[in-house]
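J.: kindly return the folded structure for what I paste below:
(one chain, ligands or ions: 1)
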Amino acid sequence: MRIVLVGPPGAGKGTQAAFLAKNLAIPHIATGDLFRANMSQGTQLGQKAKEYMSAGQLVPDEITIGMAKDRMAQPDAASGFLLDGFPRNIAQARALDGYLDETDQKLDAVLDLEVPEDEVVKRIAGRRICRNDSSHVFHVEYSAPKTDGVCDVCGGELYQREDDREETVRKRLEVYHSETEPIIDHYKAQGLVTTIPALGAVGEVTERAMSALQRTRA
Ligand SMILES: [Zn+2]
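T.: Numbers count the residues shown, from 1 in each chain. This is a model prediction of the structure:
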């Protein structure tokens, strides 16, 4: 299956993508990973991306598109893939359409994870990360540490990342509305979009997504 997963920041997209890809035995292609891999391997695209980023500029779509195409052309993606973070705007969606056409492939589904905006803000702004190890993650409401501000795992100090502050989250949501949401309409016109309510336990959301995919397959 070839799937695109979309959803606002805080919808748990990365987590769902990892579970779904595992369940479906297809590679999880995340934009963040593509950038890291291309930069650490020093590919031409990775080097270009690095130049833009160190100049504090946005990486042009053509670089992201190039990385995604290279990855989709790998043998393990021949029978399917799950895209996470790509396409993130209309230009990228059109480029993906073009690539799939050229290579005689089709998307099977676009899953749109839906979370109320206030919930997104609550989820992200409540996150607290350990200074010793960024994999020690807590939430002031949903998974509070035993002692305020102290990591349960190692006793380290918990802090809120700049990216997780409410104003930053609201700004990221605005960007999502203006740049990424239009791709949902783009794919709706192709009859590919299934909306998945993304509230509730992680496992429940995965189940909803899996049964939606089974319906598209049937
Ligand atoms: Zn810790």
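
J.: and the longest helix along the chain, average pLDDT?
T.: In terms of residue count, the longest helix belonging to the chain (DSSP state H) is helix 202-217. Averaging pLDDT along helix 202-217 yields 91.

J.: use 52 as the first number from now on
T.: With the count now opening at 52, the last piece we talked about shows up as helix 253-268.

J.: who touches that helix?
T.: Contacts made with helix 253-268 from outside it, assessed by C-beta atoms under 8 Å, 6 or more residues apart in numbering, are listed as 52, 54, 63, 66-67, 70-71, 74-75, 159-160, 162, 164, 245, 247-250. Placement of C-beta: from N, CA and C, glycine included.

J.: kindly recompute the last result at 6 Å.
T.: Contacting residues not belonging to helix 253-268 are listed as 66, 67, 70, 71, 159, 160, 162, 245, 247, 249 [C-beta atoms under 6 Å, 6 or more residues apart in numbering].

J.: before we move on, what about stretch 165-185?
T.: The set of residues external to stretch 165-185 that reach it, using C-beta under 6 Å, 6+ apart, is 59, 61-62, 187-192, 202, 205, 207-209, 212, 215, 217, 220, 246, 248-249.

J.: can you do 7 Å?
T.: The contact list for stretch 165-185 (C-beta atoms under 7 Å, 6 or more residues apart in numbering) reads 59-62, 187-193, 202, 204-205, 207-212, 215-217, 220-221, 224, 246-250.

J.: what is the end-to-end distance of it?
T.: The first and last residues of stretch 165-185 sit 26 Å apart, counting by C-alpha to C-alpha, to the nearest Å.

J.: so what's residue 150 closest to, chain neighbours aside?
T.: Ranked by C-beta to C-beta, 6 or more residues apart in numbering and with sequence neighbours excluded, the top spatial neighbour of residue 150 is residue 120, at 5.5 Å.

J.: for the residue sitting furthest away from the middle of the chain, helix, strand, or coil?
T.: Of all residues in the chain, residue 198 has its C-alpha farthest from the mean position, at 31.4 Å, by C-alpha atoms, centre = their mean. The three-state assignment at residue 198 reads coil, by DSSP: H, G, I helix; E, B strand; the rest coil.

J.: and what of residue 56?
T.: Each residue gets one of three states, and residue 56 gets strand by three-state DSSP.

J.: how about it, what does it touch?
T.: Residues in contact with residue 56 (C-beta under 7 Å, 6+ apart) are 64, 67, 68, 133, 134, 135, 162, 164.

J.: many thanks, have a good one.
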